[in-house]
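Student: Need the 3D shape of this:
(one chain, ligands or ions: 1)
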Amino acid sequence: MNIAIIGSGYVGLVSGACFAELGNRVICVDNDAKKITALKKGVIPIYEPGLRELITINMKKKRLKFTTSIKEAVSSSQIIFIAVGTPSKAGGEADLTGIENVARNIAKNIFGYRLIVEKSTVPVETGEWVKHTIATYKKNKAKFDVASNPEFLREGQAINDFMHPDRIVIGVESKKAKELLIGLYGPLNAPIVVTDIKSAELIKHASNSFLAAKISFINALSVICEKTGADVIQVARGMGLDKRIGQSFLKAGIGYGGSCFPKDVDAFITISERIGYSFEMLKAVKKINQQQQEYFLNKIKNLLWIIKDKRIAVLGLSFKPNTDDIRNAPAIEIVKALQEEGAVIRAYDPQAMERAKKVLKGVNFCADPYLACKGSDCLLLMTEWDEFKELDFSKIRKLMHRPLLVDGRNIYKADQLKKAGFKYSAIGTGGSGK
Ligand SMILES: NC(=O)c1ccc[n+]([C@@H]2O[C@H](COP(=O)([O-])OP(=O)(O)OC[C@H]3O[C@@H](n4cnc5c(N)ncnc54)[C@H](O)[C@@H]3O)[C@@H](O)[C@H]2O)c1
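Tutor: So this is what the prediction gives:
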């Protein structure tokens, strides 16, 4: 099939490369001319394992190309995916100006039947607005359908998630749209959930909000564990083995971040408010997430007493491992808060330092974890990259001014760290570190 993907970010690039790998001819569009120039030269603007290889191979096979022109993409493609960003506005509402802008541009360039598919995460009823916008700005009688096909990939394992999804959700209102999308996704052999457009839009916000709720639940529990001396890791295991609950998303830590959960929880709260329902549970999910960062900061203060002039080593800046994405990363917020109190930060991340340099000033970015630890009064583990699980702690013990480790992701074993001479503090487990 001939496919266009408008918006070549994490979702657009991964979807475009994977659709091409499945044998389709894909044209990826972006209004960021620098990004498209780089992509044409094979320079990939994001870090996502396996993406560079997939893009390079499919460009060579002439199944994948890049452009800034929506006109070019619309004229050559029967299915057009919209994958532009839908960031939060100040009040939490989703900013849909990108979606509207793309819909208008598609409308101006439609000359035959086209299926326009929302892949971006959008509020329920956006499909109706997209349809209305295209109908309003279209210059001829060309027929079109709108569909919703929310994306569930996770950064860091996006290609595998795209190629082996738990399910594919398609919201459609015509037989033709349904057949086209089922045909496109057929090779993946995944369960396909076909719904109306509004239900598909809601499935995405509901799923992300539910996952965020699971994280906030275990984080709230970690506070109770810490105050009572229980161990949140054991509690989570005991809960998670119950198939009705499940083990995933029951890891206590410094809170969820990234470009999706905070934004989508905010958007779902405002969508609910708009239609007259106050979603108190989601408001609590958001509040607990914010509190989790505050607890972490207080934990550091309780261990260091005065933060001013303390040298703090930070390992991990991205919002989760295997990505360079720092959008709403808890690590970034925590570093800023520590800097405000006068801390001297030395940081290392395997992939996210270039992006972090743009938002963090006065941080000493180090070439490896050991350099970050040199002369430090405290080491903070913020993101659970695999390489941090295999550090040489006897070496780090000698490098640090004071051997104190605060583990924001519960990746280390308290007894091993204590044996290596560290004071160790984690989240809801392993003692206070004092
Ligand atoms: N990142 C994820 O893990 C993920 C997962 C599932 C769903 N989503 C959703 O997918 C959407 C895209 O997310 P992302 O992380 O890929 O965002 P992103 O910011 O990485 O990419 C968006 C891209 O769209 C481009 N763009 C913006 N306006 C445009 C316009 N008018 N015309 C052409 N291009 C335009 C931007 O330049 C950018 O390259 C969002 O709605 C997000 O919530 C993201």
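Student: can you give me the helices in the stretch 301-434 of the chain?
Tutor: Chain-ordered helices for the stretch 301-434 of the chain, with DSSP state H, counting those that start in this stretch as the definition, fall at 330-340, 353-359, 369-373, 393-399, 414-419.
Student: Nearest to the ligand, out of the ones you listed?
Tutor: helix 353-359 (11.6 Å; Cβ to the nearest ligand atom). From N, CA and C alone the C-beta is placed, and that goes for glycine too.
Student: what is the mean pLDDT for the closest one?
Tutor: What helix 353-359 shows for mean pLDDT is 97.
Student: before we move on, back to that, mean neighbour count, the helices of the stretch 301-434 of the chain: which tops it?
Tutor: Mean neighbour count, computed with mean count of other Cβ atoms under 10 Å, is highest for helix 369-373 among those, reaching a mean of 22.
Student: if we can go back for a sec, now the helices of the stretch 301-434 of the chain in TSV, with distance to the ligand?
Tutor: Below are the helices of the stretch 301-434 of the chain laid out as TSV (distance: least, Cβ to the nearest ligand atom, whole Å):
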stretch	distance to the ligand
helix 330-340	16
helix 353-359	12
helix 369-373	26
helix 393-399	32
helix 414-419	32
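Student: Spell out which residues of the protein are next to the ligand.
Tutor: Residues of the chain lying close to the ligand (Cβ under 6 Å from any ligand atom) are 6-12, 29-32, 35, 83-86, 98, 101-102, 120-121, 151, 153, 155, 259-260.
Student: I would like the residues contacting stretch 67-79, please.
Tutor: Contact partners of stretch 67-79, identified using Cβ atoms under 8 Å, 6 or more residues apart in numbering, comprise 1-4, 6, 27-31, 33, 36, 80, 102, 105-106, 108-111, 113-115, 117, 180-181, 184.
Student: These in helices, which ones?
Tutor: Members of these lying in helices (criterion: DSSP state H): 33, 36, 102, 105-106, 108-109, 180-181, 184.
Student: If you rank those residues by neighbours, which is first?
Tutor: The most neighbours of any of the ones in helices among the contacts of stretch 67-79, using other Cβ atoms under 10 Å, belong to Ile106, which has 25 neighbours.
Student: how about Phe66, what does it touch?
Tutor: Taking Cβ under 8 Å, 6+ apart as the definition, contacts of Phe66 comprise 8, 27-30, 36, 39-40.
Student: mind checking how far it is from the ligand?
Tutor: 11 Å (Cβ to the nearest ligand atom, to the nearest Å).
Student: just Gly92 next, same as before
Tutor: From Gly92 over to the ligand (counting by Cβ to the nearest ligand atom), the distance is 14 Å.
Student: one step back: redo the helices of the stretch 301-434 of the chain as a markdown table? Include distance to Gly238.
Tutor: Shown next, in a markdown table, are the helices of the stretch 301-434 of the chain (distance: least, Cβ to Cβ, whole Å):
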| stretch | distance to Gly238 |
| --- | --- |
| helix 330-340 | 26 |
| helix 353-359 | 37 |
| helix 369-373 | 33 |
| helix 393-399 | 29 |
| helix 414-419 | 19 |
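Student: mind checking which of the ones you listed is nearest Ile233?
Tutor: helix 414-419 (10.1 Å; Cβ to Cβ).
Student: That closest one packs against which elements?
Tutor: strand 423-425 (3 or more Cβ pairs under 8 Å, 6 or more residues apart in numbering; DSSP states H and E).
Student: and the strand it packs on, which strands flank it?
Tutor: strand 404-407 (parallel) (DSSP bridges).
Student: For the ligand, what is the nearest residue in this protein?
Tutor: Counting by Cβ to the nearest ligand atom, the chain gets nearest the ligand through Gly9, at 1.7 Å.
Student: Could I have the buried ones of the contacts of Phe66 as PyMOL selection syntax?
Tutor: Of the contacts of Phe66, the buried ones can be selected in PyMOL as follows, counting by 16 or more other Cβ atoms under 10 Å:
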select buried, resi 8+27+28+29+30+36+39
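Student: Just list the residues touching the nearest residue to Ile300 once chain neighbours are set aside, thanks.
Tutor: Spatial nearest neighbour of Ile300, chain neighbours left out: Val406 (5.9 Å); criterion: Cβ to Cβ, 6 or more residues apart in numbering. If you count contacts by Cβ under 8 Å, 6+ apart, Val406 has them with 296, 299-300, 303, 378-381, 425-426, 433.
Student: What part of this structure, helix or strand, is modelled with the least confidence?
Tutor: helix 414-419 (a mean of 92; mean pLDDT, DSSP states H and E).
Student: Can you give the distance from that one to the centre of its chain?
Tutor: Chain-centre distance of helix 414-419: 32 Å, with Cα atoms, centre = their mean, to the nearest Å.
Student: One more: stretch 159-173?
Tutor: 17 Å.
Student: cool, and stretch 25-34?
Tutor: Centre-to-centre, stretch 25-34 and its host chain are 21 Å apart (Cα atoms, centre = their mean).
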